[in-house]
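Participant: this one's structure only:
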């Protein structure tokens, strides 16, 4: 019964019209042959006509079934796209609009009759077209931040508009056929305005709270530092040292919170200049030597045999990042371990690679990807040294990215960890503006 109902549904489709026409023609020809042809010829012609009708029937039935399935899938896809909260705009290589959903129209305030029409920069002044033209042609937008590598799809960009107050994340991908031929592009538009406002409110609260805490903490720190120079008995000295250490750790956490707040507001402040990377690293290692010696850790700097090109850096900010990596490598090392800093030139990529390797406790494999997230600390690191804000590597990553470089890590539990970071030797590769590089 079900198969018969399916057949009836297919039989009514336009794709079956040719079969019904041929069937009527076959019946007419059979009647004519029955009148004028002998039995043998009638049998041969009837078999031939029935074979043709059967071939056409099977062919049209497959076509009808396939087209019906395509229509059902298209309707389902249209329903899904139409009800998405994110905006969807698809267009061909000539920028002729193929698909626009209701969310895109609402987010961008665009007209509802753009399907089939061509988009171009000169339409930006038309009513309701300003935002959509800037999203399609990002170079026209007032403020954009690229979140993906150039030329690599999908492309991810953040757009900031002041009038109206709007924060968008737009993901662009190619539409291709099975052979890889370009058919067009599709943009997924996510309205981040509320998310950005909430994050901004949170950052403002943290910034105000940290500022309010830093002043009394600084005074407490100075008080304990002054007491350390006084003549005290052993018990008093122990109490002062405990208080001084606690105040110093708390003050560092507050300063880290303030640094994160400045980074995420784009006001950390950078002053770039040409520098010799080997001199920079050598100076930082000398400053760390006493701390490493106190913990019985050996420091090494392996220099390349060939001269290195100058780099464009903010020495103060990059020193903050490098010293953080050194401090971790020393602090989470084993007794009588070592830390080795290596420098490698990659002229074909216009960059130098600096690595910081230790012989320490390592990082659990399932936690490596979380290291650069805010407030995250590896489980074994927390057990080894309970104190720590979990903000250091987040700050390091943002500083390295601001320099136009990247940072990554390799680790083996119980065998040590190596942090790698790159610095461009081509000044044009340094980021042009401050951007917060969020957890990915």
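Facilitator: Here it is on my side, so go on. In this text, all values refer to a predicted model and were calculated from it rather than measured experimentally.
Participant: Could you list the low-pLDDT ranges of the protein?
Facilitator: Residues of the chain meeting the criterion pLDDT under 70: 1-13, 15, 42, 68-82, 386, 435-440.
Participant: what about residue 187, distance to residue 123?
Facilitator: Distance check for residue 187 against residue 123: by CB to CB, to the nearest Å, it reads 16 Å. (Glycine included, C-beta is placed from N, CA and C.)
Participant: Compare those two (neighbour count), which wins?
Facilitator: More neighbours surround residue 187 than the other of residue 187 and residue 123, with 21 against 15 (other CB atoms under 10 Å).
Participant: secondary structure class for that one?
Facilitator: strand (DSSP: H, G, I helix; E, B strand; the rest coil).
Participant: Okay, and the beta partners of it?
Facilitator: For residue 187, the beta-bridge partners are residue 89, residue 172 (DSSP bridges).
Participant: residue contacts, it?
Facilitator: 87-90, 135-136, 170-172 (CB atoms under 8 Å, 6 or more residues apart in numbering).
Participant: Then residue 37?
Facilitator: Residues counted as contacts of residue 37 (CB under 8 Å, 6+ apart) are residue 45.
Participant: Where do the strands of the stretch 251-400 of the chain begin and end?
Facilitator: Under the criterion DSSP state E, counting those that start in this stretch, the stretch 251-400 of the chain contains strands at 273-275, 298-302, 311-313, 338-346, 351-358.
Participant: Quick one: list the elements packing against the longest one.
Facilitator: By that I understand strand 338-346. Applying 3 or more CB pairs under 8 Å, 6 or more residues apart in numbering; DSSP states H and E, one finds that strand 338-346 makes contact with helix 277-294, strand 298-302, helix 315-331, strand 351-358.
Participant: Could you rerun that using 10 Å?
Facilitator: If you count contacts as 3 or more CB pairs under 10 Å, 6 or more residues apart in numbering; DSSP states H and E, strand 338-346 packs onto helix 277-294, strand 298-302, helix 315-331, strand 351-358, strand 416-424.
Participant: Over to the first one?
Facilitator: Using 3+ CB pairs under 10 Å, 6+ apart as the contact criterion, the neighbours of strand 273-275 among helices and strands are strand 311-313, helix 315-331.
Participant: List the strands paired with that strand, with their directions.
Facilitator: Counting by DSSP bridges, strand 273-275 is paired with strand 311-313 (antiparallel).
Participant: Please enumerate residues in contact with the strand it pairs with?
Facilitator: Residues outside strand 311-313 that contact it (CB atoms under 10 Å, 6 or more residues apart in numbering): 270-277, 280, 318-319, 351-352, 399, 403-405, 423-430.
Participant: And it, what's buried?
Facilitator: Going by neighbour count (16 or more other CB atoms under 10 Å), the buried part of strand 311-313 is 311-313.
Participant: what's the closest of those to residue 20?
Facilitator: Of all the buried residues of strand 311-313, residue 312 has the smallest distance to residue 20: 76.4 Å, by CB to CB.
Participant: Please tell me how far that closest one sits from residue 396.
Facilitator: From residue 312 across to residue 396, the span is 18 Å (CB to CB).
Participant: Test my guess that residue 273 contacts residue 315.
Facilitator: Yes - with contact defined as CB atoms under 10 Å, residue 273 reaches residue 315; the gap is 7.2 Å.
Participant: the helices in this structure, which residues?
Facilitator: 2-11, 17-36, 39-83, 102-108, 130-136, 193-228, 234-264, 277-294, 315-331, 379-384, 392-402 (DSSP state H).
Participant: Output these as a markdown table; include the columns distance to residue 151.
Facilitator: Shown next, in a markdown table, are these (distance: least, CB to CB, whole Å):
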| stretch | distance to residue 151 |
| --- | --- |
| helix 2-11 | 47 |
| helix 17-36 | 48 |
| helix 39-83 | 27 |
| helix 102-108 | 25 |
| helix 130-136 | 18 |
| helix 193-228 | 27 |
| helix 234-264 | 27 |
| helix 277-294 | 28 |
| helix 315-331 | 28 |
| helix 379-384 | 37 |
| helix 392-402 | 18 |
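Participant: and of those helices, who's closest to residue 373?
Facilitator: Counting by CB to CB, residue 373 lies closest to helix 392-402 out of the helices of the chain; the figure is 6.7 Å.
Participant: now for that closest one, which elements pack on it?
Facilitator: Using 3+ CB pairs under 10 Å, 6+ apart, helix 392-402 is in contact with helix 234-264, helix 315-331, strand 407-412, strand 416-424.
Participant: And the third one, how far out from the chain middle?
Facilitator: Its chain's C-alpha centre and that of strand 407-412 lie 19 Å apart, by CA atoms, centre = their mean, to the nearest Å.
Participant: Quick one: residues in contact with that strand.
Facilitator: Taking CB under 10 Å, 6+ apart as the rule, strand 407-412 contacts 321, 325, 354-358, 360-365, 367-369, 371-372, 378, 393, 396-401, 416-422, 437.
Participant: isn't residue 429 right next to residue 350, touching?
Facilitator: Yes - the criterion here is CB under 10 Å, and residue 429 meets it with residue 350 at 6.4 Å.
Participant: overlap in contacts of these two?
Facilitator: 404, 422.
Participant: one step back: JSON lines for the helices and strands packed on strand 338-346, including mean neighbour count and distance to residue 178?
Facilitator: Converted to JSON lines, the helices and strands packed on strand 338-346 look like this (neighbours: other CB atoms under 10 Å; distance: least, CB to CB, whole Å):
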{"stretch": "helix 277-294", "mean neighbour count": "15", "distance to residue 178": "48"}
{"stretch": "strand 298-302", "mean neighbour count": "14", "distance to residue 178": "50"}
{"stretch": "helix 315-331", "mean neighbour count": "20", "distance to residue 178": "46"}
{"stretch": "strand 351-358", "mean neighbour count": "21", "distance to residue 178": "38"}
{"stretch": "strand 416-424", "mean neighbour count": "22", "distance to residue 178": "38"}
